[in-house]
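S.K.: Take a look and give me a structure for this.
(one chain, ligands or ions: 1)
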Amino acid sequence: MSYKHGKPGRSRTTLKSPETASQGQLSDTKDTLGKKFTLGKTFTLGKNSVLGKKPRGKKPAGDRPPSSALWASEAAQIADAAPGLVGVAARAPAASGIVTVRPGWTCDLSAIDPNADGGLDKEKAKEALIAERARIKALQERLYAEHQRSLLVVFQAIDTGGKDGTIRNVFEGVNPQGCRVWSFKVPSSEERDHDFLWRYHAKAPARGMIGVFNRSHYEDVLVVRVKDLVPDTVWRARYGLINDFERMLTVSGTTVLKFFLHISKDEQKERLEARIAEPEKHWKFDAADLVERKSWDAYQAAFTDALTHCSTPEAPWHVVPANRKWFRNLVIARTIADTLEAMDPRFPEAQPGVSEMKVPD
Ligand code: ADP
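M.R.: Modelled structure (predicted):
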């Protein structure tokens, strides 16, 4: 089965069928030790392995169908209901060293070592990053030319977690015309006068684009919860609304890739101290970050719940050990490149006879 996705009158791109797209999407996941395990099968959790102590549902893991199969069947139903309008976002397993939160499991951040570096060598990792950037650059050009689908990359982290540095390092060299970065701050009064997703939806990437969210719709279940900006009932309801929003983007042709940069409390202290000690970093220092640090545990709890409740088959969270910047940059770049490759964007068909055409003098 294949699904067409695209504007009438343009060359249309065949997206992968749900069956094809589900293969390897989420079925192979790697833990921080680099071990592979397969969704839907019973497995044993190692000390540093995947998230979660227990499944939220009542059924043991072995009895549940693989989430990729669930997603495939859901996507097929949607496609049947609205043929020609929806596509299935292709995705790839995260790079080794990243922990993907599996839908239905409770995220346990304390089980993931922020210092993990996959045993890689720093200098080699820096070289490998250059190669991954080149892959992203080439695939982004195809995505832009194809003009059918898009990629949304979401970054969340505690203050000093490294969102800015990651974006700078990973997207260096990408054609700025095909990539937009959006940073979300405290909402303006206009933004507050709309539903909480309004400002994010407005910045979701158009066809052909890579959109990067530096902070995102998750702030509305993170800072908003920690600072008690809305009642409990309001932010709790947002998990489901966020999942619906991301599913809507996905079936509309946007692959949603979410990274949580996981640093330790000690690492945050060091980074804040560096901002105080080094004059060229003073501009980054905000005394408000010291106040926020006092809410470290509350933020970890809020992140845990967001990662748990909003890891869906179509848009799972990826937890990135982020104390070591070079490791963080490499595994994120690799995951983005692999995802773009799985999307397999194609240059549109050339006009007939183009290679024989002559440019008049
Ligand atoms: P950053 O820390 O990302 O470099 P800033 O120092 O300007 O940028 O901080 C942006 C601030 O905006 C953060 O404190 C963040 O918690 C806050 N913020 C973002 N989204 C929201 C939101 N929806 N509601 C309240 N505060 C928010």
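S.K.: which SSE is the residue nearest to residue 226 when sequence neighbours are not counted in?
M.R.: Leaving aside its chain neighbours, residue 226 sits nearest to residue 298 (4.6 Å; criterion: Cβ to Cβ, 6 or more residues apart in numbering). Placement of C-beta: from N, CA and C, glycine included. Using DSSP states H and E, residue 298 maps to helix 296-309.
S.K.: Convert that helix to CSV, retaining C-alpha atoms only.
M.R.: The C-alpha trace of helix 296-309 is given here as CSV (Å, rounded to 0.1, in the frame of the first residue of the first chain):
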residue,chain,number,x,y,z
TRP,A,296,15.6,21.6,40.2
ASP,A,297,13.6,18.7,41.7
ALA,A,298,10.3,20.1,40.6
TYR,A,299,11.6,20.6,37.1
GLN,A,300,12.9,17.0,37.0
ALA,A,301,9.5,15.8,38.1
ALA,A,302,7.8,17.9,35.4
PHE,A,303,10.2,16.6,32.7
THR,A,304,9.6,13.1,33.9
ASP,A,305,5.9,13.4,33.5
ALA,A,306,6.1,15.2,30.1
LEU,A,307,8.5,12.6,28.7
THR,A,308,6.3,9.8,30.1
HIS,A,309,2.9,11.1,29.0
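S.K.: Now find how far off-centre the helix or strand that it is followed by is within its chain.
M.R.: Helices and strands here follow DSSP H and E; after helix 296-309, the next one along the chain is strand 317-321. Strand 317-321 sits 9 Å away from the centroid of its parent chain (Cα atoms, centre = their mean, to the nearest Å).
S.K.: Stretch 210-219 too?
M.R.: The answer for stretch 210-219 is 9 Å, by Cα atoms, centre = their mean.
S.K.: Just confirm yes or no for that stretch near the ligand.
M.R.: Yes - counting by Cβ under 6 Å from any ligand atom, the ligand has neighbours in stretch 210-219: 215, 219.
S.K.: For that stretch, the averaged confidence score.
M.R.: The average pLDDT for stretch 210-219 rounds to 98.
S.K.: now do stretch 308-316
M.R.: The average pLDDT within stretch 308-316 is 94.
S.K.: Mind pulling the model confidence for residue 53?
M.R.: The confidence metric pLDDT takes the value 41 at residue 53.
S.K.: Let me see the contact set for residue 254.
M.R.: Residues near residue 254 by Cβ atoms under 8 Å, 6 or more residues apart in numbering: 89, 149-152, 204-205.
S.K.: thinking again about what came up before, would you mind listing the buried residues in the helix holding residue 298?
M.R.: Under the neighbour-count criterion of 16 or more other Cβ atoms under 10 Å, helix 296-309 has 299, 302-309 buried.
S.K.: Which of those residues sits closest to residue 261?
M.R.: Using Cβ to Cβ, residue 303 comes nearest to residue 261 of those, at 10.3 Å.
S.K.: correct me, but that closest one touches residue 222?
M.R.: Yes - contact criterion Cβ atoms under 8 Å: residue 303 and residue 222 qualify, at 6.7 Å.
S.K.: returning to what we had before: and the helix holding residue 298, is it in reach of the ligand?
M.R.: No - shown here: helix 296-309 not in contact with the ligand (Cβ under 6 Å from any ligand atom), separated by at least 9.7 Å.
S.K.: any idea of the angle that helix forms with strand 317-321?
M.R.: Angle, helix 296-309 to strand 317-321, by axes from the mean of the first three to the mean of the last three Cα atoms, to 10 degrees: 140 degrees.
S.K.: Which residues does helix 296-309 contact?
M.R.: 51-52, 56, 101, 105-109, 156, 158, 218, 221-222, 225-226, 239, 243, 260, 265, 268, 292, 317, 319.
S.K.: Now with 6 Å, please.
M.R.: Applying Cβ atoms under 6 Å, 6 or more residues apart in numbering, the contact partners of helix 296-309 are 101, 106-107, 109, 158, 218, 221-222, 225-226, 239, 265, 317.
S.K.: wait, which of those is closest to residue 134?
M.R.: Closest approach to residue 134 among these (Cβ to Cβ): residue 317, at 27.0 Å.
S.K.: What about that closest one, how many residues nearby?
M.R.: For residue 317, the neighbour count with other Cβ atoms under 10 Å is 29.
S.K.: For it, give me its contacts.
M.R.: Shown in contact with residue 317 (Cβ under 6 Å, 6+ apart): 101, 258, 260, 307, 311.
S.K.: Just send those back as JSON lines, with distance to residue 344 too.
M.R.: Shown next, in JSON lines, are the contacts of residue 317 (distance: Cβ to Cβ, whole Å):
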{"residue": "101", "distance to residue 344": "25"}
{"residue": "258", "distance to residue 344": "21"}
{"residue": "260", "distance to residue 344": "27"}
{"residue": "307", "distance to residue 344": "28"}
{"residue": "311", "distance to residue 344": "24"}
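S.K.: Out of these, grab the one that's most surrounded.
M.R.: Most neighbours among these, by other Cβ under 10 Å: residue 101, with 29 neighbours.
S.K.: how close does the residue nearest to that one when sequence neighbours are not counted sit to the ligand?
M.R.: Distances taken as Cβ to Cβ, 6+ apart put residue 311 closest to residue 101, at 3.9 Å, once the chain neighbours are dropped. From residue 311 across to the ligand, the span is 21 Å (Cβ to the nearest ligand atom, to the nearest Å).
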